[in-house]
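[1] Below: sequence and its predicted model.
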Protein chains: 2
Amino acid sequence: MSGAHLARLLGDVSRERPVYAALARSVRGLVQDGRLALRTRLPAERDLAAALGVSRTTVTAAYDRLRDEGYVESRQGAGSWTVLPPVRMSSAEPPGAAPGGRFGRAHPVPDDAGFIDLGCATPGAPAIFGEAVAAAVDELPRHSSGPGYEPAGLAGLRQVIADGYAARGVPTRPDQIVVTTGAQHAFTLLTQVLIEPGDAVMVERPTYPHALGALRRRGARLVPVGVNEGWDVELAAGAMRQAAVRTAYTIPDFQNPTGRLMPAADRAALVDAARRADAFLVADETFADLAHDLDAPREPPLASFDSGGRVVTIGSASKLMWGGLRIGWIRTTAPLARRLVLAREPFDMASPVLDQLIVQELLLRVEDVRAERAESLLRGRDALAGALRELLPGWEFRLPAGGMSLWARIGAPVATLVAEAAERRGVRVVAGPVFGVDGVLEDYVRLPYVLPPDTLRLAVERLALAHREVEAAPAARPLPAYV
Amino acid sequence: MSGAHLARLLGDVSRERPVYAALARSVRGLVQDGRLALRTRLPAERDLAAALGVSRTTVTAAYDRLRDEGYVESRQGAGSWTVLPPVRMSSAEPPGAAPGGRFGRAHPVPDDAGFIDLGCATPGAPAIFGEAVAAAVDELPRHSSGPGYEPAGLAGLRQVIADGYAARGVPTRPDQIVVTTGAQHAFTLLTQVLIEPGDAVMVERPTYPHALGALRRRGARLVPVGVNEGWDVELAAGAMRQAAVRTAYTIPDFQNPTGRLMPAADRAALVDAARRADAFLVADETFADLAHDLDAPREPPLASFDSGGRVVTIGSASKLMWGGLRIGWIRTTAPLARRLVLAREPFDMASPVLDQLIVQELLLRVEDVRAERAESLLRGRDALAGALRELLPGWEFRLPAGGMSLWARIGAPVATLVAEAAERRGVRVVAGPVFGVDGVLEDYVRLPYVLPPDTLRLAVERLALAHREVEAAPAARPLPAYV
């Protein structure tokens, strides 16, 4: 990797002091969230210094720190490359040795029962899960005598999914549905089929980190539009036209991570803007069934405003039902569905049959699942909100009407530091920058409320200690951005 | 797409007559097996003619034929692009309208119960499947109260897989195993982690078509070595050094499609050659448990000759157990396993939990599964071989000692024509060129023997009619290559 290339990924590190610490932190962030692949050869110190316009001593000091923290290895004559530090198994080890990825579980989570993981916003299976599994197992013999490959998905499941859209006002035929191996798989397939390297893709800021990862891997040019204060469709429409956006990715229902629900008028206007810009609009409905008040009127699906096949919808069983079921789907036009089926085959051939049958059973009783989720999420939301108000009164948040997370504003750009301190105290949270394109959002953290109320309260107690630690000892640590 | 680019993909079409027909057939092949993406804008006739060194009239005639067959659409002013013809629902339609992909089920298969699909070499689930499902369902509640994401795979399954390798003489720890969503997913992940665009990758010729597809998508430079007559390791070693091969892909056990079993001495020599060339050796053991005579001594796994972490092994539940279970795995070093886990997350996050539990149960009783498969595959193999000897005595083949297919040599380079004629007569087979890099192997077809003996006999009857049709009417059809 050239110095210029890494410098582009890093952005401007020279505004922060000391620069070497800011540089080390930025590289660490790139490694942790996967933007910098492991075993990437880092540029020579001289090259990176020239590309960043800093002294070579600064780069040397940054590489030294990264080596100390375990994010870089070097060998005489072979240069330096990125690695991950060994997995930390107790809270006694230094912060640099914290597990890698911030928002995933790629690494063994410490086995300490006291460790609370708020990194992964996803609950266990619902109460009727066992019944659905039993019904699916009864159906299985009708399938298991054949080869078991159905690249588009089982016909029965596609019919049930199509019926679900029809019930929400979007007439849909089964041949418009492609069953995928989870929503992430659905999104990756769509990046393959809709996006060419270099294409401009509009994303919300903040948004789902793995979607950003998939778009980066595809070589898309990301055009972020802020949604912290809700959607500004006029702004989005202008950006679409000016940046020649080919595809826009939106989470209209209980947006991840802000929890916001897009109003119907904005939906209509956004579809209209996409039509005028001749762009596809990918609507991620992963959270659409997770309203906390099931009596509140639902907003119409984005696809209901679409007449030209411009809105492509992603659905998922992972959040509503269970993450251990790897089933998602795409609703689109029949021709595009066919292209997606062709595109998926080289990746994973088809989706697991038994999981499809289970999801079909659960969808037939989706109102039961929605009711259970609404009740437990509402309880979790209020427990978390109550604990925050009491123990971290400076943190601001809106109470979302659905979804699984609070998006809390800390009041100072220290989210990454708070997350690091929290990890040492036994609670994992995801800091704001992970949800953004360009390292901003340092004053936000996402706090899922899928765990039991007591656990959430304990997590907030630890967060409060972590926040106090960060506030108390700013000089002893690398200075955060903009402070 | 430029004329020069398409010309490179097409290879030399001018050796065949008439050239326009050969050109049309080659383009159709590229579309059918996915090397040419759908909606690819074709070069202007003038450009392609220049790049191929043929007349513009020839290209015009080829494009006309492709339009007639439904593989190209054109619009005045917008040029021409690749498409797939509508799915054929009866055998009355012309050959050009045959379903697209040759070796997959991307398209709806005609619902005619009489249609015999020998395209997909994979059987139904084994007899003990129901018991394994029941046992897995009993285990499920221990997992379904948690989030359900285990990117490396369930610890229990990884232990059972590791024990299986140890029993075959390859000591393995669970942290050397990554569970994937099928073998194809495993291979695609490996291409992401081991291979950079432009890297030289050695492949067997013939080999598994979807592996070729994954390598092409990754931008690998393919270096084929013939294995129709068995492995020539000296030749492979020379090619590895000369082409600076970084990774070699081999199917040592009942190779797909030849059915050959690599002898122990060749295994040792191949690993040694990889070591000297400093290349990774990816061993696909998808068929390793499918010996027809379970009393015959097994060849040691390729990994047993390896001391440096150079051999990476792919395993799969799809062929031994059931394709509707989307579970495969990779055995490698612990550090590379960790990189693979990081690389898989953006694709599909994790594999389905219930499928993993079922595979774990089946692996604990793998000898029962092997015995059942051995018995039924042996019966299928002998039924197929008997019918071929009787009805197509000119076709040559070896009787494989394991796997699921015969690799039959037709005696003339007409495999694609025979496959097209067979499709019209109600049997789908995969022609040799699909298994190769460069359009050769036109005198081979792969004939899986997973279907019941009576069905296999009926399939051979139809194949014999198809072959006779091709032999009888050569002038009425585009001339095959080299005739």
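    Received it, and whenever you're ready, just let me know what you need.
[2] CA only for contacts and neighbour counts going forward, please
    Fine.
[3] tell me which parts of the stretch 301-450 of chain A are close to chain B?
    Taking CA under 8 Å from any CA of the partner chain as the contact definition, the stretch 301-450 of chain A meets chain B at A:322-326, A:338-339, A:341-342, A:345-355.
[4] can we see that at 7 Å?
    A:322-326, A:341-342, A:346-348, A:351-353 (CA under 7 Å from any CA of the partner chain).
[5] got the residue ranges for the strands in the stretch 101-250 of chain A?
    Ranges of strands within the stretch 101-250 of chain A are A:116-117, A:177-180, A:200-205, A:221-226, A:245-250, based on DSSP state E, counting those that start in this stretch.
[6] Identify all contacting residues around the first one.
    When you say that, I think you mean strand A:116-117. Strand A:116-117 has contacts (CA atoms under 7 Å, 6 or more residues apart in numbering or on different chains) with A:426, A:427, A:428, A:459.
[7] do that again at 6 Å, thanks
    With CA atoms under 6 Å, 6 or more residues apart in numbering or on different chains as the test, strand A:116-117 has contacts from A:427, A:428.
[8] partner strands of that strand, parallel or antiparallel?
    Partner strands and pairing direction for strand A:116-117 (DSSP bridges) are strand A:427-428 (parallel).
[9] The second one now?
    On the basis of DSSP bridges, the sheet neighbours of strand A:177-180 come out as strand A:328-331 (antiparallel).
[10] now could you export just the CA positions of the strand it pairs with as PDB?
    Taking Å, rounded to 0.1, in the frame of the first residue of the first chain, the C-alpha atoms of strand A:328-331 are listed here in PDB:
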ATOM      1  CA  GLY A 328     -33.300 -12.600   4.400                       C
ATOM      2  CA  TRP A 329     -34.900 -11.700   1.200                       C
ATOM      3  CA  ILE A 330     -35.200  -9.100  -1.600                       C
ATOM      4  CA  ARG A 331     -38.300  -7.800  -3.200                       C
END
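[11] What parts of the stretch 151-300 of chain A come near chain B?
    By CA under 6 Å from any CA of the partner chain, the residues of the stretch 151-300 of chain A that approach chain B are A:151, A:184, A:185.
[12] Try it again at 10 Å.
    A:151-152, A:180-189, A:193, A:209-214, A:217 (CA under 10 Å from any CA of the partner chain).
[13] Buried ones only from those residues, please, as a PyMOL command.
    For the buried members of those, the matching PyMOL selection, counting by 16 or more other CA atoms under 10 Å in any protein chain shown, is:
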select buried, chain A and resi 151+152+180+181+182+183+184+185+186+187+188+189+193+209+210+211+212+213+214
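[14] Now, the residues of the stretch 151-300 of chain A next to chain B that are in helices?
    Taking DSSP state H as the definition of helices, those contribute A:183-189, A:193, A:209-214, A:217.
[15] now, which of those sits nearest residue B:48?
    residue A:193 (25.4 Å; CA to CA).
[16] wait, doesn't residue A:232 sit right on residue A:263?
    No: in this structure, residue A:232 is not within contact of residue A:263 by CA atoms under 10 Å, at 11.1 Å.
[17] Need the distance between the two termini of stretch A:175-190.
    17 Å (CA to CA, to the nearest Å).
[18] and whatever residue of the stretch 201-350 of chain A ends up closest to chain B, how many residues sit next to it?
    Nearest residue of the stretch 201-350 of chain A to chain B: residue A:324, at 3.9 Å (CA to the nearest CA). For residue A:324, the count of nearby residues is 28 (other CA atoms under 10 Å in any protein chain shown).
[19] how about it, secondary structure?
    coil (DSSP: H, G, I helix; E, B strand; the rest coil).
[20] per-residue confidence at the closest residue to it other than its chain neighbours?
    Nearest non-adjacent residue to residue A:324, counting by CA to CA, 6 or more residues apart in numbering or on different chains: residue B:148, 3.9 Å away. For residue B:148, the model assigns a pLDDT of 89.
[21] who's in contact with residue B:148?
    Neighbouring residues of residue B:148 by CA atoms under 10 Å, 6 or more residues apart in numbering or on different chains: A:122-125, A:318, A:322-326, B:154, B:350-354.
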